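J.: Sequence plus predicted model, see below.
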Amino acid sequence: MEILIVLLPLALGLGASFLGFFLWSVKKGQYDDVETPKYRMLLEDTKVDMKKRKET
Amino acid sequence: MFQCVHCDEQALSPIFLPQDSERKLPFCCQGCLTVYEVLKEKSLSSYYDIKKSSAIFRRRSPVETSRNQYTFLDDKKFLHDHIYRNPDNFPVMDFYLEGIHCLACLWLIEKLPEFLPGVCHAKLDLDKSVVSVTIFPEGKFSLVARELDRLGYRPHALDRNEDAKRLRENEERSYLMRLGVAGAAAGNIMIYSFSLYAGASLETAKIFHVLTVILALPVFTYSAFPFYQSAWTSLKNRMVSIDIPISMALIMGAIMGVRGLLLNFEENYFDSLTALVFLLLLSRYFLRKIQDKGLSVRDMHYFYQNESVLRKTPSGFEEVHTSYVKPGDIIKVRSDEFIPADGIVIEGDSLINNSLLTGESLPDHVKKGHRVFSGTQNLGSDLLVTVEKTSRETRLGQILRHVEQGWSMRSRTVDLTSIVARYFTLSVILLSGIVFLMVLNESGAEAGLTRALTLLIVTCPCALAISVPLTFHRSLSLAAKNGIIVKSDEVFEKLSKSFKVFFDKTGTVTLGQLEVKEVRILQPLLVNASDVIFTLEQRSRHPVGKALLDFAKRSGGQALDVTDLRETPGVGVEGAIKGIHYSINGGMIFENESKVASFCVKDGLRNDSASVISRLNKMGIETSVLSGDRADVVLLISQEVGIPVERSYFSMTPESKLEILRNSPQSVMVGDGANDAMAMECASVGIAVSGAMDISLRAADVYLTIPGLAGVEKLFILSKETMKVVRRNLVLSLTYNSVSVALVFTGHISPLAAAIVMPVSSLTVLASTLAGTKKMRTLWRS
């Protein structure tokens, strides 16, 4: 059971770092709008057709 | 049935582009068609490709564009109140946009910087329909607003009010952080508890035990803080709330756990207690999110019909925001615009639509010297008005004051869940006291406390605290998806108990617009009648003229050469076509002074009025009409929709409407105008239909954003089904609780077993919530 001395701090440290990351991202406003970004990424490739615009 | 290319609404009499000879692209209205052309001209047609391939986010109504120039947005004072700065010190303004409904809208709005010079960045929040536009210092917000308007999204600038915004943002974020801490701790504690249950021994067990206590501490102090706070508030106000037993269980559990650690007592129930905190926070977080959405819509200035007005200055007219108009100002009200203040006409000759203020369907004729009121609409030509009273002093403002007073005095109804919660809480506290005393006599304080804690955990009010909010959450979002904005979850219970609905007539059951159904030919005309009407009325501003023009368009009329075209205000139009003299006046068409045709104008029914009313009747709901209009008009309409004469009320003032609602408790008022506002406020549930005035939106509990009455019926069904689920969940959880209380009393259940059974019961209740009912599922799909 000596392995616990290594594993426990490791597990707790991992957990704490993820929690810290979550709290940081909340503070940065990452969760203020959870609806739009998931759609926004679908549209990134659709560009306004600038060439066509210049012709008209 | 045609579906509008732009807004996806069904179009009964679609219109087509002139070059679209195969009639492939139907539009429901001119507004949608114009936007289509604008998009095409700007090479933004990808909008339609994206729309086709993406899911519709929510329904939208047909496009209405305005002629506002939005120059008031560049006013220094206005800018000061409405902009904030981004990190590069560029100005940013937030707009609420009408008509945001799908992915393509998101695409189009966020491409603004690419096709509109001067715009630096645009970011849309789909949930709230709010776009934040950043412009370069040399750019102008009026240009942005005009462009948005042209694209069919009418913009409403939002007040900056940074403090309130930041406060709410911080509150929301801290709630989310509490949730995160509780989730992380509960998860980790579960791992250690698992090995404890599995039989971890001696040294290891001790380490794990200490760890659970350390991990649980932030949950009991930081995460659970909102529960203690609300329990304390309700104690201070001598009220019973569900947070009291929750707080009791948490505090007692925490104390016993720490004490167990100090005395080397092996067991604590931190795994179930922290999981409980996490689940409760989670369900409340969801409910909060959906309620916030309702609240932001409640800021009614989003829906102001008309935000700017032309004010006379020495050098001409300037566009100002309506809130900056003062008594003594001279304003110009263009056709179709709403009059923003009470005043006297000093120039012009026009027709005024009073229907929102009084309920009359036929317009009033006004000229110099006549008084006009705030909230009425100018239908004819431009009017110059000297402002006498503004905002609060106007007739509209007085009604508004009444409505606001009513709202503030309105008591929160005692709903089913709070009654159950009260008895539940009291009996849980009482029972745990009894259990403690009982066991205390037999085997001491230690065992007594354990037993009492078991009871508190086992009776954890999951159904009340989690499933009821979740049920409402689900119904609220279901309603929102169908274009029904519900201000509070109380509406569902109230509606499920209501069996009487009062409808306003003008603008609610009817369209609130004049319509010509048929033109009866008395004598054959030398020229096609529709062509004559089209030609003579093509530039008419008179509502009857417009109705006639619509009729002519529908029956394929075309413009012919005309000479001596003349419109006499208040009388009619005349002109010569192919040398023959034609005139239209007084409901007749004359050819060389002899009567050749007659027509009848009336306020047309909404497409779905009759069918919705008959279906409501079938559901056992009594329907009535309350109108400020004349008897003959009201009776005709109520006959058409199938409401008996004895339940058709006519010539009602706002006060008499209020009186009727006051005398019929548990009834629903559906309306659109200022004359309905007081009645809507007094009603058990007030429903404002699409196109309603902002004042009735303020008075209402529900706002239908989709034209028509279908939402009323949907909401009735939804409410009944929601309450069914709520009751089912209450029964489920109370049954479970009584059984487990019995087990605790007889000593057949340990805290460990309770901690295992509790999540299982929560899951059943949760499953019942998510399953909803069959009718709800079909409503969800449609």
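T.: Alright, I've got the coordinates.

J.: drop to CA atoms for contacts and neighbour counts, all remaining ones
T.: Fine.

J.: And the contacts of stretch B:515-529?
T.: Contacts made with stretch B:515-529 from outside it, assessed by Cα atoms under 8 Å, 6 or more residues apart in numbering or on different chains, are listed as B:544, B:547-548, B:550-551, B:591, B:595-604.

J.: Actually, stretch B:383-403.
T.: Surrounding stretch B:383-403, the residues in contact under the criterion Cα under 8 Å, 6+ apart are B:323, B:325-334, B:340-350, B:357, B:373-375, B:674, B:677-678, B:681, B:695, B:698-699.

J.: So among those residues, which ones count as buried?
T.: Neighbour-count burial within the contacts of stretch B:383-403 applies to B:325-326, B:330-334, B:340-350, B:357, B:373-375, B:674, B:677-678, B:681, B:695, B:698-699; the criterion is 16 or more other Cα atoms under 10 Å in any protein chain shown.

J.: Among these, which ones are in helices?
T.: Counting by DSSP state H, the members of the buried ones among the contacts of stretch B:383-403 that fall within helices are B:357, B:674, B:677-678, B:681, B:695, B:698-699.

J.: Tell me the one of those residues nearest chain A?
T.: Of all those, residue B:698 has the smallest distance to chain A: 26.6 Å, by Cα to the nearest Cα.

J.: For the closest one, give its distance to residue B:83.
T.: Plainly put, residue B:698 is 26 Å away from residue B:83 if you go by Cα to Cα, to the nearest Å.

J.: again with residue B:121
T.: The gap separating residue B:121 from residue B:83 is 14 Å, by Cα to Cα.

J.: out of the two, which sits in the busier spot?
T.: residue B:83 (22 against 16; other Cα atoms under 10 Å in any protein chain shown).

J.: can you confirm residue B:32 is in a helix?
T.: Yes. Under DSSP: H, G, I helix; E, B strand; the rest coil, residue B:32 sits within a helix.

J.: and the closest residue to it other than its chain neighbours, what pLDDT?
T.: Counting by Cα to Cα, 6 or more residues apart in numbering or on different chains, residue B:63 is the residue found nearest to residue B:32 once chain neighbours are left out, at 5.2 Å. Model confidence at residue B:63, given as pLDDT, is 70.

J.: any chance of the ones in helices among the buried ones among the contacts of stretch B:383-403 in a markdown table, plus pLDDT and distance to residue B:489?
T.: Below are those laid out as a markdown table (pLDDT from 0 to 100; distance: Cα to Cα, whole Å):
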| residue | pLDDT | distance to residue B:489 |
| --- | --- | --- |
| B:357 | 72 | 29 |
| B:674 | 78 | 25 |
| B:677 | 83 | 21 |
| B:678 | 84 | 21 |
| B:681 | 84 | 16 |
| B:695 | 73 | 21 |
| B:698 | 75 | 17 |
| B:699 | 79 | 16 |
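
J.: At which residues are the strands of the stretch 51-200 of chain B located?
T.: Residue ranges of the strands in the stretch 51-200 of chain B, as given by DSSP state E, counting those that start in this stretch, are B:83-85, B:91-97, B:119-125, B:130-135, B:155-157.

J.: Just checking: what are the partner strands of the last one?
T.: The sheet places strand B:155-157 alongside strand B:91-97 (antiparallel), with pairing taken from DSSP bridges.

J.: cool, the third one as well?
T.: When pairing is defined by DSSP bridges, strand B:119-125 lines up against strand B:130-135 (antiparallel).

J.: Could you pull up the mean pLDDT of the partner strand?
T.: Mean per-residue pLDDT for strand B:130-135: 89.

J.: cool, and stretch B:343-354?
T.: 82.

J.: Please tell me how far it is from the chain's geometric centre.
T.: Computed by Cα atoms, centre = their mean, to the nearest Å, the chain-centroid distance of stretch B:343-354 equals 33 Å.

J.: Export only the CA atoms of it, formatted as CSV.
T.: What follows is stretch B:343-354, C-alpha atoms only, in CSV (Å, rounded to 0.1, in the frame of the first residue of the first chain):
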residue,chain,number,x,y,z
GLY,B,343,-50.6,66.6,-28.7
ILE,B,344,-52.6,68.8,-31.1
VAL,B,345,-52.4,68.5,-34.9
ILE,B,346,-51.2,71.8,-36.4
GLU,B,347,-50.8,70.6,-40.0
GLY,B,348,-52.0,67.7,-42.1
ASP,B,349,-55.1,65.7,-42.8
SER,B,350,-55.0,62.1,-42.0
LEU,B,351,-56.6,59.0,-40.5
ILE,B,352,-55.6,57.7,-37.1
ASN,B,353,-55.8,54.1,-36.0
ASN,B,354,-57.1,54.1,-32.4
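
J.: avg pLDDT for the top helix by length along chain B?
T.: The longest helix of chain B (DSSP H) is helix B:416-458. For helix B:416-458, mean pLDDT rounds to 79.

J.: can you check stretch B:652-670 too?
T.: For stretch B:652-670, the per-residue pLDDT averages 87.

J.: ditto for stretch B:203-222
T.: 88.

J.: Now do the SS call for the closest residue to residue B:72 other than its chain neighbours.
T.: Nearest residue to residue B:72 in three dimensions, chain neighbours excluded: residue B:320, at 4.9 Å (Cα to Cα, 6+ apart). Assigned state for residue B:320: strand (three-state reduction, three-state DSSP).
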